[in-house]
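S.K.: I need the structure of the sequence given here:
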Amino acid sequence: MRFSRKAVMGALGGLLFVLGGLTPAPAAAADPDEAELQRHFATVDVWHYPVAYDVGYNGQDVVVTRELVALPPPSGKLCFIRFDLVRGEGEFAYGFKPAGAGGPRNDAVWGVYVHKRGTVTDQLRSVLKLNAIYFYVDGPKTSDADALCAQKQAAAAHAYSGPEWSDLIVRAKLLHGWPQAPAP
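M.R.: As a prediction, this is how the structure comes out:
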């Protein structure tokens with residue numbers, strides 16, 4: 001069967017139109033942290049990194065420490081990092097390195113720990129799915145803008161409570177924008 005170029009281009013145009021209509025609306029408009037930062041800073045740039053681990057009895061524990069890099073670098077400075085838990089089951093922990101784990105606390109380096117559990121006859125899973133949301137800001141509009149970043153970081157920092165912490169820091173690239181909404 002042979003198709004004309006016009007028919008193929010028309011079908012492709014229709015497909016692109018339909019797919020364009022299915023793109024999700026940006027989640028940023030409804031985010032209260034971004035809205036508050038926009039009142040205090042001229043520009044707010046949002047980046048994210050998805051974390052997804054599913055560990056069974058026969059799997060290995062996951063202990064990862066990350067330092068994420070935004071490329072190309074945003075024009076502003078990192079204001080704070082927020083952890084949005086999507087799904088958590090079993091034994092898991094995430095957040096910034098506590099002061100008691102050795103070494104100084106670093107608010108740009110965070111880790112996750114997912115522990116295998118169960119027995120051969122009782123296969124329990126530990127699942128951790130979250131989005132690490134990075135807020136970069138530039139051009140303070142108010143005198144308390146920098147204090148707001150420190151306040152937001154203190155409020156958003158989930159206390160890491162896992163028994164393990166990796167001193168090997170994995171560098172990874174951040175993704176620009178908001179994560180897509182999870183499927184219903």
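
S.K.: ok, now which ones touch residue 119?
M.R.: residue 57 (Cβ atoms under 8 Å, 6 or more residues apart in numbering). Just so you know, the C-beta spots here come from the backbone N, C-alpha and C atoms, and that holds for glycine as well.

S.K.: quick one, helices of this structure?
M.R.: 5-21, 32-40, 145-156 (DSSP state H).

S.K.: got a pLDDT number for the nearest residue to residue 94 once chain neighbours are set aside?
M.R.: Using Cβ to Cβ, 6 or more residues apart in numbering and skipping the chain neighbours, the partner closest in space to residue 94 is residue 112 (4.5 Å). Looking at residue 112, its pLDDT is 92.

S.K.: state the distance from residue 112 to residue 33.
M.R.: 21 Å (Cβ to Cβ, to the nearest Å).

S.K.: higher neighbour count, these two?
M.R.: residue 112 (22 against 18; other Cβ atoms under 10 Å).

S.K.: residues in contact with that one?
M.R.: Here residue 112 is in contact with 51, 53, 62-64, 66, 92-94, 128, 130, 162 (Cβ under 8 Å, 6+ apart).

S.K.: thinking again about what came up before, check the helices of the chain for me: which has the lowest mean pLDDT.
M.R.: For the helices of the chain, mean pLDDT drops lowest on helix 5-21, to a mean of 45.

S.K.: need the nearest residue in space to the residue nearest the centre of the chain, chain neighbours excluded.
M.R.: Residue closest to the mean C-alpha point of the chain, counted by Cα atoms, centre = their mean, is residue 132 at 2.2 Å. Leaving out its chain neighbours, the residue that sits closest to residue 132 by Cβ to Cβ, 6+ apart is residue 49, at 4.6 Å.

S.K.: surely the one you found and residue 69 touch.
M.R.: No: using Cβ atoms under 8 Å, residue 49 is not in contact with residue 69, being 10.1 Å away.

S.K.: which one's more surrounded, the two?
M.R.: With neighbours defined as other Cβ under 10 Å, residue 49 and residue 69 compare such that residue 49 has more, 19 against 12.

S.K.: measure the more buried one to residue 120 for me?
M.R.: Distance from residue 49 to residue 120, by Cβ to Cβ: 34 Å.

S.K.: can you list the low-confidence ranges for this protein?
M.R.: Applying pLDDT under 70 to the chain picks out residues 1-29, 98-105, 182-184.

S.K.: at 50 instead, please
M.R.: The chain contains residues with pLDDT under 50 at 1, 3, 8-9, 12-28.

S.K.: not counting sequence-adjacent ones, nearest residue to residue 175?
M.R.: residue 48 (5.5 Å).
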